[in-house]
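Undergrad: 3D, please:
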Amino acid sequence: MTVTPGERRVIEAAKRCCERWGFAKVTVDDIAAEAGVSRATLYRLFPGGKDVLFESMRVLELEEFFDNLRLALEGADGVEDLLLRAITESLRAMQADEHLALMLACAPGETLGQLTVEGLPRIIRVATVFLTPLLIPHLHDREPAVRIVELLVRLVISEFLAPSEHLDLTSEAVARDFLRTFILPTLVSPALSNPTR
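TA: Residues are numbered from 1 along each chain as shown. Below is the predicted model:
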């Protein structure tokens, strides 16, 4: 998603307003005032108003998250290392995300909806676009790559929202053991895992 400086300014203002009052209470006027633009300018940038703006904000946040994750995955040594980094870095990033923490505190219902029922298909779509090309060279086919991305998204979100007492997937040793036990054996070739580590 390409964002102009004006659009980014409004999106950042919308994020601040949502942190302050929650999604439901924020108005277009609140966002315009916070961004220092007129109501007409906001509607020109985001035809459809608040709904279109919030959707743009969610997509931009996801793209930025996966851009950062892709940087963390560069130089991964094989599929095991790639999946290990994807799990641990995603969870660490979500746990460190101050905006996400504020949104869970001030608008838990809406935020949980964006991570689960309502927003999960969007998250999986964006994750697939970003991560599938990194997996295909290891799996030699798009379909298993798409399936593994969906599985990882569901795993990471579940662990973030309801952390296990027995499975800290931010720990590389724990995540590696989990991958070797439950994920890597399901892939096409056992040689894809790198058990020498």
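
Undergrad: Now for Asp168: which residues touch it?
TA: Val174 (CB atoms under 8 Å, 6 or more residues apart in numbering). Quick note: C-beta positions are derived from backbone N, CA and C, even for glycine.

Undergrad: So it, which state does it fall into?
TA: Under DSSP: H, G, I helix; E, B strand; the rest coil, Asp168 falls in the coil class.

Undergrad: any idea of the mean pLDDT in stretch 98-112?
TA: Stretch 98-112 carries an average pLDDT of 91.

Undergrad: Need the residue closest to the centroid of the protein.
TA: Closest to where the C-alpha atoms of the chain average out (CA atoms, centre = their mean) is Leu62, at 4.7 Å.

Undergrad: Domain-wise, how is this protein divided?
TA: Here the domain parsing of the chain from automatic domain parsing is 1-57, 75-190.

Undergrad: For the biggest helix by length in the chain, output the C-alpha coordinates as CSV.
TA: Of all segments of type helix in the chain, defined using DSSP state H, the longest is helix 50-73. Only the C-alpha atoms of helix 50-73 are listed here, as CSV (Å, rounded to 0.1, in the frame of the first residue of the first chain):
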residue,chain,number,x,y,z
LYS,A,50,-13.8,6.7,9.1
ASP,A,51,-14.4,3.2,7.8
VAL,A,52,-12.1,3.6,4.8
LEU,A,53,-9.5,5.4,7.0
PHE,A,54,-9.5,2.6,9.7
GLU,A,55,-9.2,0.0,7.0
SER,A,56,-6.2,1.8,5.5
MET,A,57,-4.7,2.2,9.0
ARG,A,58,-5.0,-1.6,9.6
VAL,A,59,-3.5,-2.5,6.3
LEU,A,60,-0.6,-0.1,6.7
GLU,A,61,0.1,-1.4,10.2
LEU,A,62,0.2,-5.0,8.9
GLU,A,63,2.4,-4.1,5.9
GLU,A,64,4.8,-2.3,8.2
PHE,A,65,4.8,-5.2,10.6
PHE,A,66,5.6,-7.7,7.8
ASP,A,67,8.2,-5.3,6.3
ASN,A,68,10.1,-5.4,9.6
LEU,A,69,9.6,-9.1,9.9
ARG,A,70,11.0,-9.7,6.5
LEU,A,71,14.1,-7.8,7.5
ALA,A,72,14.5,-10.1,10.5
LEU,A,73,14.2,-13.1,8.2
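
Undergrad: contact partners of it?
TA: Taking CB under 8 Å, 6+ apart as the rule, helix 50-73 contacts 1, 3, 7-8, 10-11, 14-15, 23, 26-28, 31, 42, 46, 82, 85-86, 89-90, 93, 99, 114, 119, 122-123, 126-127, 129-131, 134.
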